[in-house]
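Novice: I need the structure of the sequence given here:
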Amino acid sequence: MKAEGGNEGLTTRTRRFALAVIRLYSGLPKTTEAQAIGKQLLRAGTSVGAHYREATRARSTAEFVSKVDGGRQELEETTYWLELLRDPGATNANLAPLLDEADQLMAILTACARNAKSRRADS
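Specialist: You can find the predicted model right below:
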């Protein structure tokens with residue numbers, strides 16, 4: 001089941017988000033703490049796009065919603081790790097753009113799930 005409208009745009013956007021997370025991880029300090037948080041961030045931040053990609057190939061509305069919800073969970077976790085890195089002394093990186101993009105992607109995926117559920121209820 002493909003998401004209506006903007007499918008290619010969201011696929012591209014989640015890929016760009018993953019690449020930004022990878023770049024951030026590559027630039028983190030090599031301290032044990034930063035690397036531990038970074039690995040969690042890397043796993044969660046790069047899986048958002050994978051979940052959405054799976055959602056676009058879902059065989060049912062329920063499967064679509066489940067995959068989108070998985071992406072939302074990964075975004076929530078990504079935000080948590082970014083917030084930890086934002087604390088003073090954790091990193092010198094400007095995390096505001098990534099946090100903003102995570103918020104925007106969360107809103108988009110939430111709308112995707114809500115719309116799919118609404119269409120299913122209308123059927």
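Novice: Mind jotting down where the helices sit in the protein?
Specialist: For the chain, the helices defined by DSSP state H cover 7-27, 32-56, 61-86, 96-122.
Novice: With mean pLDDT and mean neighbour count as added columns, please give those helices in CSV.
Specialist: C-beta here means a position set from N, CA and C on the backbone, and glycine is covered the same way. Below are the helices of the chain laid out as CSV (pLDDT from 0 to 100; neighbours: other CB atoms under 10 Å):
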stretch, mean pLDDT, mean neighbour count
helix 7-27, 92, 16
helix 32-56, 95, 19
helix 61-86, 95, 19
helix 96-122, 90, 16
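Novice: Let me know whether Val48 touches Gly71 as I believe.
Specialist: Yes: under the criterion of CB atoms under 8 Å, Val48 makes contact with Gly71 at 5.0 Å.
Novice: intersection of neighbour lists for the two?
Specialist: Thr14 (CB atoms under 8 Å, 6 or more residues apart in numbering).
Novice: Quick check on Asn94: phi, psi?
Specialist: Here is the backbone geometry of Asn94 (degrees, to the nearest 10): phi -80, psi 100.
Novice: count of neighbours near it?
Specialist: As a burial measure, Asn94 scores 10 neighbours (other CB atoms under 10 Å).
Novice: Check it and give its pLDDT.
Specialist: Looking at Asn94, its pLDDT reads 85.
Novice: What separation is there between it and Thr12?
Specialist: Here Asn94 is placed at a distance of 22 Å from Thr12 (CB to CB, to the nearest Å).
Novice: Same question for Leu85.
Specialist: Leu85 is 25 Å from Thr12, where distance means CB to CB.
Novice: Quick check: Ala18 touching Gly45?
Specialist: Yes: Ala18 is within contact range of Gly45, at 6.2 Å (criterion: CB under 8 Å).
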